[in-house]
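[1] okay, here's the prediction I keep looking at, along with the sequence it came from:
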Amino acid sequence: MTRILMLLAFLPSFALAIDSERQSFQYQVVADGLSHPWSVAFLPDGRTLVTERSGHLRMIDAKGDLLAESIRGLPPIRQHGQGGLLEVMPHPQFAQNRWLYISYAEAGRDGYGTAVGRGRLDGMTLTDFEVLFRLLPKTGTPYHFGSRLAFDRENHLFITLGDRGEMDRAQDLGDHAGSLIRLHDDGRIPADNPFVNIPGALPEIYSYGHRNMQGATLNPFTGELWTHEHGPQGGDEINLPKAGVNHGWPVITYGVNYGSGTPIGEGTAKSGMAQPLYYWVPSIAPSGMTFYDGDRFPSWRGNLFVGSLKFRLLVRLEIENGRVVHEERLLKDELGRIRDVRQGPDGYLYLLTDADDGKLVRLLPE
């Protein structure tokens, strides 16, 4: 078992100091031996949860021990290609209601799809588990499950999805694939969702035309939801999804087809389709995203952090008036593929690495 080092700020680091443009920092491993971890979440009692794509929900207790036993009571989860146990997210009022939300790949008659459910965490067991959402139709492809979860200030639950590797589905309002879902925290469909009264459209859809969203976070300064998604070869995007907006995939994109480099769709812009707030060419393969609003790194306050799988680094973005004005790349090849990025309740930044021996890493100011 791996122990979180207590009072880390007062102990010498195991890594050399790293100089960035605004903040010198170091990192320390909190837990290792994780099998392709996907998401990390912090509980108000000091415990930490980590999902493993293989279907295990792991617990680091308040003393810092990674427990050998996994959380019980999870639904049937199918590891299939990029799918498996994905996101974990406590309810904003978790201390009172104990609701814990997960997204995962499930099997059905026609294949596999993303599902989201919740249960009450009682010790090491999820009780009263209920499925709140299922992507339909299911398909056998192993790609593009999404799936991040986020709550807004009114406790609406947002679910990011992928196009399941079947790109044209993202333009079909009668299909969940390639869309952003908005629900009440108990799974009910909000009456003010944009497609509630549109014949043939699924009323839980909030925005559409997305390729594969694997980052979602609420801007703590404005309350806006920010998402990012994988492009094809090039064209990873950061978006501010709005009700009813078509984000264009695969009609418009800044990416091209893998291998051949041939164009996709009709170009990079079309009337009635939203432009990304920011995009990367070449692709960085983004995963995980968080705004920093803590006090441990004062020079990073207000910055947006994004993990990169492809380039094995952490991206720091400076934001002014809702726009990205500067990018810095940190930790290249230091840790490996960065799958998730979170700010902890202690004000430090935490990263998950995607590997057979995945790690939870804590960033500390120098």
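    Sure, I can see it. Note that the structure is a prediction, hence the values are computed from the model and not measured.
[2] any regions of this protein where pLDDT drops low?
    Low-confidence regions of the chain, defined here as pLDDT under 70, cover residues 1-15.
[3] how about the strands of the stretch 251-366 of the chain, start to end?
    Defined through DSSP state E, counting those that start in this stretch, the strands belonging to the stretch 251-366 of the chain, from first to last, are 278-280, 286-291, 304-308, 313-320, 323-330, 338-343, 349-353, 358-365.
[4] packing partners for the first one?
    Just to be clear, that refers to strand 278-280. The elements that strand 278-280 packs onto, with contact taken as 3 or more CB pairs under 8 Å, 6 or more residues apart in numbering; DSSP states H and E, are strand 236-239. (Each C-beta comes from the backbone N, C-alpha and C, glycine too.)
[5] pull out the buried positions in the strand it packs on.
    Across strand 236-239, burial judged by 16 or more other CB atoms under 10 Å covers 236-239.
[6] now do stretch 302-322
    Taking 16+ other CB under 10 Å as the neighbour-count basis, stretch 302-322 is seen to contain the buried residues 303-309, 311-319.
[7] and what of stretch 102-119?
    Applying a neighbour-count criterion of 16+ other CB under 10 Å, one finds 102-107, 111-119 buried in stretch 102-119.
[8] export the strands of the stretch 251-366 of the chain to a markdown table and tack on distance to residue 212?
    Output for these, formatted as a markdown table (distance: least, CB to CB, whole Å):
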| stretch | distance to residue 212 |
| --- | --- |
| strand 278-280 | 14 |
| strand 286-291 | 10 |
| strand 304-308 | 15 |
| strand 313-320 | 17 |
| strand 323-330 | 20 |
| strand 338-343 | 14 |
| strand 349-353 | 18 |
| strand 358-365 | 21 |
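[9] figure out which of those strands is closest to residue 204.
    Minimum separation from residue 204 across the strands of the stretch 251-366 of the chain (CB to CB) falls at strand 286-291, 22.6 Å.
[10] within its sheet, name the partner strands of the closest one and how each one runs.
    Sheet pairing for strand 286-291, assigned by DSSP bridges, gives strand 304-308 (antiparallel).
[11] now tell me what touches the strand it pairs with from outside.
    When contacts are defined by CB atoms under 8 Å, 6 or more residues apart in numbering, strand 304-308 is touched by residues 215, 217, 226, 228, 238, 284-292, 314-317, 319, 324, 329, 337-341, 349, 351-352.
[12] which stretches of this protein form helices?
    Under the criterion DSSP state H, the chain contains helices at 94-97.
[13] re earlier: nearest to residue 359 among the buried residues of strand 236-239?
    Closest to residue 359 out of the buried residues of strand 236-239 is residue 236 (23.9 Å), distances taken as CB to CB.
[14] farthest-apart pair in the buried residues of stretch 102-119, please.
    By the measure CB to CB, those have their two most distant members at 111 and 119, which lie 24.9 Å apart.
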